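> Here is a sequence with its predicted model. Questions after.
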Amino acid sequence: MYAISLGDDGAELRPLEPWQAGEFLAHMDRGREFVGRWNGLPDVVRDLESSRAFLQAYAEKAAADAGRIYGIHWDGTLVGGFLLRRMDVAQGTAEAGCWLEPSAVGKGLVTRAARAVIDWAVEERGVHRVEWWCAAGNAPSIAVARRLGMTRDGVLRESFLYRGVRHDEEIWSVLAPAWREARRAGA
């Protein structure tokens with residue numbers, strides 16, 4: 001298995017695969033309440049079977065070149081994830097997403113993981129537009145979109161029903177030319 005270093009502090013990005021369902025479930029159990037504030041993943045990954053099914057769905061997306069999932073590791077422990085929830089290479093679009101357990105917050109891990117995966121999507125797969133969808137109340141996610149140099153495209157009012165409450169969703173994006181320019185400028 002390969003790992004991409006996210007810096008000299010023990011942070012790595014690694015693909016997540018179905019055989020890692022136990023590790024993924026343990027990670028989700030550690031962060032279930034925290035992750036579940038804005039992300040439905042803890043409602044999907046409830047036991048070993050659902051953990052394996054979730055990772056298998058992403059293995060199938062990867063095989064179809066329609067999505068990817070990566071684990072964010074800190075000193076060898078899975079503490080979060082970054083994914084391309086949807087990827088349409090023919091259209092040149094992708095939607096990114098992320099989560100962290102509480103122990104990993106504030107270390108810049110999501111931003112560093114996002115840069116690595118977006119670089120790959122733009123440079124290797126020819127993606128032109130990477131989108132970032134998040135609840136309007138999810139300030140940490142919006143902060144990541146800003147750090148990545150994304151532009152707020154708009155708000156879908158009360159478009160997302162989550163745990164019985166309707167949330168506004170913000171859509172942020174970055175286009176390949178702007179991404180490349182920011183990377184050249186060292187942003």
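That came in fine, so what should we check first?

> what sits against Ala94?
Ala94 makes contact with Leu84, Arg86, Met87, Asp88, Ala121, Val127, Arg129, Val130, Glu131, according to CB atoms under 8 Å, 6 or more residues apart in numbering. The way it works is simple: take the backbone N, C-alpha and C, and place the C-beta from them, glycine included.

> If we use 7 Å, what do you get?
Listed by CB atoms under 7 Å, 6 or more residues apart in numbering, the contact set of Ala94 reads Leu84, Arg86, Met87, Ala121, Val127, Val130.

> ditto for Ala114
Counting by CB under 7 Å, 6+ apart, Ala114 has contacts Phe82, Ala96, Cys98, Val144, Leu148.

> Show me where this structure has its strands.
Along the chain, the segments classed as strands by DSSP state E run 4-5, 11-15, 68-74, 77-88, 93-100, 129-135, 151-162, 165-175.

> which one of those strands has the lowest average pLDDT?
When the strands of the chain are compared on mean pLDDT, strand 4-5 scores lowest, with a mean of 84.

> out of the strands of the chain, which comes closest to Phe34?
strand 93-100 (7.9 Å; CB to CB).

> Just checking: what are the partner strands of the closest one?
strand 77-88 (antiparallel), strand 129-135 (parallel) (DSSP bridges).

> Leu84 and Ala121 touch, don't they?
Yes - the criterion here is CB atoms under 7 Å, and Leu84 meets it with Ala121 at 6.4 Å.

> still on that earlier bit, right, and the strands of the chain - which one's nearest Asp47?
Of these, nearest to Asp47 by CB to CB is strand 77-88, at 17.1 Å.

> residues of the closest one that come out buried?
Thr77, Leu78, Val79, Gly80, Gly81, Phe82, Leu83, Leu84, Arg85, Met87 (16 or more other CB atoms under 10 Å).

> now what about it, what contacts it?
Outside strand 77-88, the residues touching it (CB under 7 Å, 6+ apart) are 13, 16, 23-24, 27, 65-73, 94-101, 103-104, 109-110, 113-114, 117, 121, 127.

> Of those residues, keep whichever come out buried.
Neighbour counting with 16+ other CB under 10 Å marks 13, 16, 23-24, 27, 66-73, 94-101, 104, 109-110, 113-114, 117, 121, 127 as buried within the contacts of strand 77-88.

> Save the strands of the chain as a markdown table, and put in distance to Trp38 too.
Formatted as a markdown table, these follow (distance: least, CB to CB, whole Å):
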| stretch | distance to Trp38 |
| --- | --- |
| strand 4-5 | 25 |
| strand 11-15 | 21 |
| strand 68-74 | 17 |
| strand 77-88 | 13 |
| strand 93-100 | 8 |
| strand 129-135 | 5 |
| strand 151-162 | 8 |
| strand 165-175 | 9 |
